[in-house]
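In: Sharing a sequence plus its predicted fold:
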Amino acid sequence: MTEPWTLAVVVLAGTLGGACTGLLPGLHVNTLAPLLLASAVFLDPLAAVLLILSVATSHTIVNVVPTLAAPLPEDDTSLVLLPIQRLARAGHAGPALLASVRASWAAGALAAILGLLFLLLPIPFDGIPNAWTRTGVLGIVLLLILGTRRPGHAALLFLFAGAAGIILLPHSIPGPLGGDGSVLLPAFAAFFGTPLLVMALAGPPTGDDPTPDATGAMENPGFLPTLLGTGCGLLVSLFPGLTSATAGAFGRAVRSPDNDIEDVAMVSAVNTANAMGNTVMMVLLGATRSGANAAAARLDPEIGGIGASTAAAALVAGLLVTTALSALLVLRTGPRLVGVLRRLPPRGLAAGGLGLLATIVFLANGPFGLLLVLFLLPLGFLPHHWSVPRALLMGFLLVPYLFAA
């Protein structure tokens, strides 16, 4: 049994680690999973799992800071880029930061409480037929596609990504770090990280920004956007292949936010609730819903499906503490960090992010992994060109899942 003081140190280290990764513009914590895996091998299994998941949870809260400072989003924050940039340009970075942190903390607390209830109550999630799960995934995807202004283009993007997944997922590309050589890292780098960083190198974003000024900046967003975001984040964690970006787009399809500050609160709640929900699904069913979960399961294969146990409760409680510490950290240092990042050249940040991303892909998948990124990169630019949600690129995983025997 891991000592409580060890878990406390791990939570603190994971919070600070997630803060560091969250401040790296354009990078998703799932992209860093191979490095997280290597850094946790010296800990006992429970502490190592908690470290990786704490980093992932903290990252979802801190990543709002670089989004406020410079338009270099990652997958989780790309949905909120335009609203939060409007708020920042109008001089309302402070209210935006406060709304994001409050929503993240509330969503993390709600998700943790519900997660503990799921662990304690005999809910037979593992008895749900696969056909029902596939129907739920398909329903969410259809709602997401039909909720766009260009459903035909959205469907094509989903199917293009799915075709790539059917062709590539059965193969592996091992790199210098070893491991299973999964093609997910170079694929996600091509879909979610590299295009955004390349566009940042080319100049400021040119997306659809119909309102020149921030709306609702000084209003209290209320609890409804946070509740909606929490529900969507947890709902999506029930299904394989769906991400927090999917949950955010789904939330907007369910209820369009009244103003920018509500939008920021909803997306922030989605990200943190989804991270917590992914952990609950991992300990309940052994299901890995993210790169961080997959890395944790590799460190401790027995952590999956442990159900109600002291270890599962320790994980959820540890992540709740991580959420509180991360929120406090952003509240105390966020405005200062925004100022520091604004003084750095955006193109220099983007170039550094691209270099780091290329290094990670090379270590995990070698030179052929980098070639795969270049091969898939045109798909990564289509969401921007067609003005459809980038989350539809998850068809790379979802189409093979939907058509699996």
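Out: All right, it came through fine. Numbers count the residues shown, from 1 in each chain.

In: and the residue nearest to V388 when sequence neighbours are not counted, what is it in contact with?
Out: In space, and not counting its chain neighbours, V388 is closest to A154: 4.3 Å by CB to CB, 6 or more residues apart in numbering. C-beta: built from backbone N, CA, C; applies to glycine. A154 makes contacts with 144-145, 148, 386, 388-389, 392, as judged by CB atoms under 8 Å, 6 or more residues apart in numbering.

In: Show me where the stretch 51-200 of the chain has its helices.
Out: 64-69, 75-78, 81-89, 93-120, 130-146, 151-168, 184-188, 194-202 (DSSP state H, counting those that start in this stretch).

In: the bottom helix or strand of the protein by mean pLDDT?
Out: helix 75-78 (a mean of 47; mean pLDDT, DSSP states H and E).

In: for the stretch 201-350 of the chain, what spans make up the helices?
Out: Under DSSP H, counting those that start in this stretch, the stretch 201-350 of the chain gives helices at 224-237, 244-254, 260-285, 291-299, 310-342, 346-386.

In: lowest-confidence stretch among the ones you listed?
Out: Of all the helices of the stretch 201-350 of the chain, helix 291-299 carries the lowest average pLDDT, namely a mean of 61.

In: Verify the contact between T243 and V236 for me.
Out: Yes. Using CB atoms under 8 Å, T243 is in contact with V236, at 7.2 Å.

In: Find residues that contact each of those two.
Out: In contact with both T243 and V236: N274, using CB under 8 Å, 6+ apart.

In: Counting neighbours, what do you get for the nearest residue to V361 once chain neighbours are set aside?
Out: Among residues not flanking V361 along the chain, G369 sits closest, at 4.8 Å (CB to CB, 6+ apart). G369 has 24 neighbours, counted by other CB atoms under 10 Å.

In: what pLDDT does the residue nearest to A96 when sequence neighbours are not counted get?
Out: Nearest in space to A96, with sequence neighbours left out and distances taken as CB to CB, 6+ apart, is L87 at 4.1 Å. L87 is assigned a pLDDT of 74 by the prediction.

In: Can you report how many residues lie near L87?
Out: Neighbours of L87 (other CB under 10 Å): 28.

In: cool, R332 as well?
Out: The burial count for R332: 9, using other CB under 10 Å.

In: measure it to I173 for me?
Out: Distance, R332 to I173, by CB to CB, to the nearest Å: 42 Å.

In: so the residue nearest to A96 touches P95, yeah?
Out: Yes. L87 is in contact with P95 according to CB under 8 Å; the separation is 7.0 Å.

In: how much space between the nearest residue to G277 once chain neighbours are set aside and A13?
Out: Nearest residue to G277, sequence neighbours excluded (CB to CB, 6+ apart): S237, at 3.0 Å. Separation of S237 from A13 (CB to CB): 25 Å.
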